[in-house]
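Peer 1: No sequence on hand, only this structure:
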């Protein structure tokens, strides 16, 4: 939550608290009918601050994910083929979904998780 939202919520709570006190105090023997108006305005400003703070969008922080693949010694890069139909796949067919590499075959529309075979 941003600092502006926190300050707005604290200020709104204070305004609503004192607004209710003004309205409550207006009905005491020493109270004035004008205090009701002051209390209603103060409570209205407090709820207005809550509405304003709720409409502020959080600053979205982009998260960058780098996938590093550790390959054994001499690697000959072959074309990747679909497990279902054997169609040739490219890097555009691999997407990261929830932290796992998912392959989408453009030929047979099969989707499966890319698994790494053991290195030994």
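Peer 2: Done, it's in. Not measured: the values here are computed from a predicted model.
Peer 1: In contact with the closest residue to residue 32 other than its chain neighbours, which residues?
Peer 2: Among residues not flanking residue 32 along the chain, residue 26 sits closest, at 6.5 Å (C-beta to C-beta, 6 or more residues apart in numbering). Every residue, glycine included, has its C-beta placed from N, CA and C. By C-beta atoms under 8 Å, 6 or more residues apart in numbering, the contact set of residue 26 is 32-36, 39.
Peer 1: pLDDT at the residue of the chain most remote from its centre, what is it?
Peer 2: Distance to the chain centre peaks in the chain at residue 29, reaching 51.0 Å (criterion: C-alpha atoms, centre = their mean). In this model, residue 29 is scored at 89, pLDDT.
Peer 1: Contacts only, for it.
Peer 2: So residue 29 contacts nothing (C-beta under 8 Å, 6+ apart).
Peer 1: Three-state assignment for it, please.
Peer 2: Following DSSP: H, G, I helix; E, B strand; the rest coil, the label given to residue 29 is coil.
Peer 1: Now do it against residue 100, distance only.
Peer 2: Separation of residue 29 from residue 100 (C-beta to C-beta, to the nearest Å): 71 Å.
Peer 1: Residue 69 too?
Peer 2: Distance of residue 69 to residue 100, given as C-beta to C-beta: 14 Å.
Peer 1: With residue 84 instead?
Peer 2: Per C-beta to C-beta, residue 84 is found 18 Å from residue 100.
Peer 1: likewise residue 109?
Peer 2: 19 Å.
Peer 1: the domain parsing of the protein - what is it?
Peer 2: 3-55, 80-113 (automatic domain parsing).
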